[in-house]
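J.: sequence and predicted model, in that order:
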Amino acid sequence: MIDLRGRMPGLLVAATAAAVAWLVHLAVPALPLLTVAVALGIVVGQVPAVQRRLDGALAPGLKTASKSLLRVGIVLLGLKLSLFDIAHLGWVTIATTVAVVLLTFVGTIGLGRALGLPGHQPLLVASGFAICGASAIGAMGSTVRARDEDQAVPVALVTLCGTLAIAVLPALWHPLGLSAVQFGHWVGAGVHDVGQVVATAQLAGPAALAVAVVVKLTRVLMLAPMVAITAAVERRRHVETTGSRPPVVPLFIAGFVAAVLVATFVPLPEAVLSAADAVQTAVLAMALFALGASIRFADLAATGWRALVVGLTSWVLVATLAYGAVLLG
């Protein structure tokens, strides 16, 4: 039986943090809500007096938020994806976007392993930078059963670099000679979180924002096959070591794919889509606050510089590849 009473304090704290993040976003629209939620969790997690509660009475609820609510949010994220919208990008844009994801993913894993990042950190950093930020880190971490410590560094890095992108990419827009639509394409292909993409691309106008969101959601769609392939590899390893057989595809990824198909082929009322979007934002904000709250800078000092090198290099790699994709498009 689920211990709701034991989990309620942590869930209430996560919900309160999500509400605070929403208020900050309303006050400063340039700050994406989910980025604020992660940052708030990171800040709270560094306060010694609060850490004892985070690791004690609040831990069961925060774990539920970072695991179960994250999965719900990812499933609902699928309702934002229409395969028809993605098809309208054209095969060149789709192909180059997929190539950017794959090259960034493989390159980041290789660099992370070369620098000796521990555990699943190379995989998780690669997922965050190549696909869709902290949401992808949580999804991949859930699939490979990564420890919270392994997820903490990638979440911090992708939050840092995604926030930097909001300032850096617009400063490079005109020097690189990009049109507004090309800038939107670059942002969609090179910035990590959906909220960060919106915050960055909207500076160039509605046309740039529309292209950026569709290109970004094309990257998000890559979450399903990337997680499925990783799950298959992990399943084979698990069978070899324990003899048991985990699911071939995690249930929440199957739900994500089903939501994409519904969004593509079923004309849902606008009220339903708006409600689903509100719920998705709320549960992801709670989940990402919980992930951020698990970060302890003092515990990360040993591998921090290596992780920082991998994160910054991956950020430059995805931005460079995305720029090349814009020129090819």
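T.: Structure received. Here the structure is a predicted model, which means the values were calculated and not measured.
J.: quick one: T97 from A30, how far?
T.: Computed with CB to CB, to the nearest Å, the distance linking T97 and A30 is 25 Å. For glycine as for every other residue, the C-beta is placed from the backbone atoms N, C-alpha and C.
J.: comparing the two, which residue is more hemmed in?
T.: Neighbour comparison, T97 and A30: the larger count goes to T97, with 26 against 12 (by other CB atoms under 10 Å).
J.: that one sits in which helix or strand?
T.: When elements are assigned from DSSP states H and E, T97 belongs to helix 91-114.
J.: run through who's touching that helix.
T.: Contact partners of helix 91-114, identified using CB atoms under 8 Å, 6 or more residues apart in numbering, comprise 86-87, 89, 121-123, 125-127, 129-131, 185, 188-190, 215, 218-219, 222, 226, 309-310, 313-314, 317-318, 321-322, 324-325, 328-329.
J.: what packs against the lowest-mean-pLDDT helix or strand in the chain?
T.: Of the helices and strands making up the chain, the lowest-confidence element is helix 223-242, at a mean of 76, by mean pLDDT, DSSP states H and E. Helices and strands touching helix 223-242, by 3 or more CB pairs under 8 Å, 6 or more residues apart in numbering; DSSP states H and E, are helix 133-143, helix 251-265.
J.: can you redo these as TSV with mean neighbour count and mean pLDDT?
T.: Putting these into TSV (neighbours: other CB atoms under 10 Å; pLDDT from 0 to 100) gives the following:
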stretch	mean neighbour count	mean pLDDT
helix 133-143	28	86
helix 251-265	17	90
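J.: in the chain, where is pLDDT below threshold?
T.: Along the chain, segments meeting pLDDT under 70 span 1-3, 238-249, 299-304.
J.: so where do the strands sit in the stretch 151-300 of the chain?
T.: Along the stretch 151-300 of the chain, no stretch is classed among the strands by DSSP state E, counting those that start in this stretch.
J.: can you measure across stretch 176-196, start residue to end residue?
T.: The straight-line separation of the ends of stretch 176-196 (CA to CA, to the nearest Å) is 20 Å.
J.: ditto for stretch 215-232
T.: Separation of the first and last residues of stretch 215-232 by CA to CA is 27 Å.
J.: which residues of the stretch 51-200 of the chain fall in helices?
T.: In the stretch 51-200 of the chain, the segments counted as helices under DSSP state H, counting those that start in this stretch are 59-64, 70-77, 83-87, 91-114, 121-127, 133-143, 148-173, 180-190, 194-201.
J.: of all these, which one comes closest to L273?
T.: helix 70-77 (10.1 Å; CB to CB).
J.: tell me the angle the closest one makes with helix 251-265.
T.: Angle of helix 70-77 versus helix 251-265, following axes from the mean of the first three to the mean of the last three CA atoms, to 10 degrees, is 20 degrees.
J.: helix 70-77: how far from the chain's middle?
T.: Using CA atoms, centre = their mean, to the nearest Å, the mean C-alpha position of helix 70-77 is found 11 Å from that of the whole chain.
J.: any chance you could list what contacts that helix?
T.: Judged by CB under 8 Å, 6+ apart, the contacts made with helix 70-77 from elsewhere in the structure are 135, 138-139, 142, 220, 223, 251-253, 255-256, 258-259, 276-277, 279-280, 283-284, 287-288, 291.
J.: now with 7 Å?
T.: By CB atoms under 7 Å, 6 or more residues apart in numbering, the residues outside helix 70-77 that reach it are 135, 138-139, 142, 220, 252, 255-256, 259, 276, 279-280, 283-284, 287.
J.: quick one, that helix and helix 194-201 angle?
T.: Helix 70-77 and helix 194-201 are oriented at 50 degrees to each other (the same axes, to 10 degrees).
J.: how about helix 70-77: buried residues?
T.: By neighbour count, and taking 16 or more other CB atoms under 10 Å as the criterion, the buried residues in helix 70-77 are 70-77.
J.: dump it to CSV, restricted to CA.
T.: Coordinates of each C-alpha in helix 70-77 appear next as CSV, following Å, rounded to 0.1, in the frame of the first residue of the first chain:
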residue,chain,number,x,y,z
LEU,A,70,8.4,13.3,-13.9
ARG,A,71,7.1,10.3,-15.8
VAL,A,72,3.6,11.8,-15.8
GLY,A,73,5.0,15.1,-17.1
ILE,A,74,6.9,13.3,-19.9
VAL,A,75,3.7,11.5,-21.0
LEU,A,76,1.7,14.7,-21.1
LEU,A,77,4.6,16.4,-23.0
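J.: just the buried members of the contacts of helix 91-114?
T.: Among the contacts of helix 91-114, the ones that count as buried by 16+ other CB under 10 Å are 86, 89, 121-123, 125-127, 129-131, 185, 188-190, 215, 218-219, 222, 226, 310, 313-314, 317-318, 321-322, 324-325, 329.
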